[in-house]
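> Compute the structure for the input listed below.
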Amino acid sequence: MEAELPSVFLWTGTELPIHTSDMTARDEVLNAAKALSSRSPDGTFTLEEVIWELKRRGTAYKESTIRTHVTSRMCTNAPDHHGTVYADLERLDRGRYRLT
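Predicted structure coming up:
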């Protein structure tokens with residue numbers, strides 16, 4: 001039996017459409033994070049919610065790429081292990097993030 005999506009995944013009509021070839025992984029994660037943040041009472045979201053949201057939107061990026069972007073490349077308080085990093089997200093707790 002397939003797991004039921006949490007209410008944070010209900011479509012509000014404000015999400016950007018399915019993956020387009022000119023969108024980077026960062027672009028897609030940011031769009032998903034903005035949508036999830038707007039639907040969350042406290043503006044936070046989990047890594048798993050970002051993954052589900054991007055899969056729902058038809059992303060072409062692998063789950064490992066999404067995880068790397070959220071947990072490292074885009075996270076302002078993550079150790080700097082990449083040549084290019086962004087201060088887009090802040091980790092609040094294990095697996096919980098918010099937009100900066």
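
> what's the distance between the residue most central in space within the chain and residue 76?
Geometric centre of the chain, nearest residue: residue 50, 3.5 Å, by Cα atoms, centre = their mean. Using Cβ to Cβ, to the nearest Å, residue 50 is found at 16 Å from residue 76. Every residue, glycine included, has its C-beta placed from N, CA and C.

> ok, now residue 86?
Relative to residue 76, residue 86 is positioned 8 Å away (Cβ to Cβ).

> out of those two, which sits in the busier spot?
residue 86 (15 against 12; other Cβ atoms under 10 Å).

> Tell me how many other residues crowd residue 100.
Residue 100: 12 surrounding residues under other Cβ under 10 Å.

> Quick check: it vs residue 50, distance?
Taking Cβ to Cβ as the measure, residue 100 falls 15 Å from residue 50.

> what about the helices in this protein?
25-39, 47-56, 63-68 (DSSP state H).

> Could you give the separation of the first one from the chain centroid?
Once both centres are worked out by Cα atoms, centre = their mean, to the nearest Å, helix 25-39 turns out to sit 5 Å from its chain's centre.

> Repeat that for the last one.
The chain centroid and the centroid of helix 63-68 are separated by 10 Å, computed with Cα atoms, centre = their mean.

> go on, the second one?
Remark: helix 47-56 is offset 6 Å from the chain centroid, using Cα atoms, centre = their mean.

> helices or strands up against that helix?
helix 25-39, helix 63-68 (3 or more Cβ pairs under 8 Å, 6 or more residues apart in numbering; DSSP states H and E).

> Quick check: which of these is buried the most?
helix 25-39 (a mean of 20; mean count of other Cβ atoms under 10 Å).

> That one vs helix 47-56, what angle?
Relative orientation of helix 25-39 versus helix 47-56 (axes from the mean of the first three to the mean of the last three Cα atoms, to 10 degrees): 110 degrees.
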